[in-house]
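[1] coordinates only, sequence not included:
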């Protein structure tokens, strides 16, 4: 008997992934994004709700997402997680809708939107514009994860302020709690 059985081996997303040509869209690195933050003193953060699920599938691609369970036949009407090109598709879409403002006062890393401003007047204008763009494109934010007009904010594992950038102390703390290696393999 094969003890290596795993439902994931037969997951529809595994099958889709095996037959998909990867999109070569360049995802920005966190470091590239942070280079743009100089002279900003106020930060606002918005997290998009169920990011990938906000992208509707094109009609002719819906059948490609078909899967069956003991309860029946299903198709995704929105982009499911775990598809090979889901991250690239999502990032490309977000980049397109925010293109005129990217790296001027908006940073977007997948569903994490950071709005940075030099003063309160700019901040109000920037936040209103970002929400206007989201409304226009029917993208929805997670109200539980709003964070507005902060002089210091956590974003992508870092703490950002007018003074600069540092790694989030919680990230360092979790690494410091790792057990010390006791042999060469543990290193």
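    Yes, it's here. Bear in mind the structure is a predicted one, so any value in this text is a computation, not a measurement. Numbering: from 1, shown residues only.
[2] Now for the residue most central in space within the chain: which residues touch it?
    For the chain, the residue nearest the mean C-alpha position is residue 110 (2.6 Å; CA atoms, centre = their mean). Counting by CB atoms under 8 Å, 6 or more residues apart in numbering, residue 110 makes contact with 51, 87, 90-91, 94. For every residue, glycine as well, the C-beta is placed using N, CA and C.
[3] Between those, which sits nearest residue 147?
    Among the contacts of residue 110, residue 51 lies closest to residue 147 (CB to CB), at 17.2 Å.
[4] Against residue 91, how distant is that closest one?
    Residue 51 is 10 Å from residue 91, where distance means CB to CB, to the nearest Å.
[5] before we move on, what about residue 97?
    For residue 97, the distance to residue 91 - CB to CB - is 11 Å.
[6] higher neighbour count, those two?
    residue 91 (20 against 15; other CB atoms under 10 Å).
[7] mind listing the strands in this structure by residue range?
    42-47, 67-69, 72-74, 106-109, 112-117, 147-150, 152-155, 158-161, 164-167 (DSSP state E).
[8] could I get these as a markdown table with mean pLDDT?
    Shown next, in a markdown table, are the strands of the chain (pLDDT from 0 to 100):
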| stretch | mean pLDDT |
| --- | --- |
| strand 42-47 | 94 |
| strand 67-69 | 87 |
| strand 72-74 | 88 |
| strand 106-109 | 90 |
| strand 112-117 | 94 |
| strand 147-150 | 88 |
| strand 152-155 | 89 |
| strand 158-161 | 88 |
| strand 164-167 | 80 |
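[9] Just put those in a markdown table and tack on mean neighbour count and distance to residue 181.
    Below are the strands of the chain laid out as a markdown table (neighbours: other CB atoms under 10 Å; distance: least, CB to CB, whole Å):
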| stretch | mean neighbour count | distance to residue 181 |
| --- | --- | --- |
| strand 42-47 | 21 | 36 |
| strand 67-69 | 11 | 42 |
| strand 72-74 | 9 | 46 |
| strand 106-109 | 22 | 32 |
| strand 112-117 | 22 | 33 |
| strand 147-150 | 14 | 37 |
| strand 152-155 | 18 | 29 |
| strand 158-161 | 18 | 27 |
| strand 164-167 | 12 | 22 |
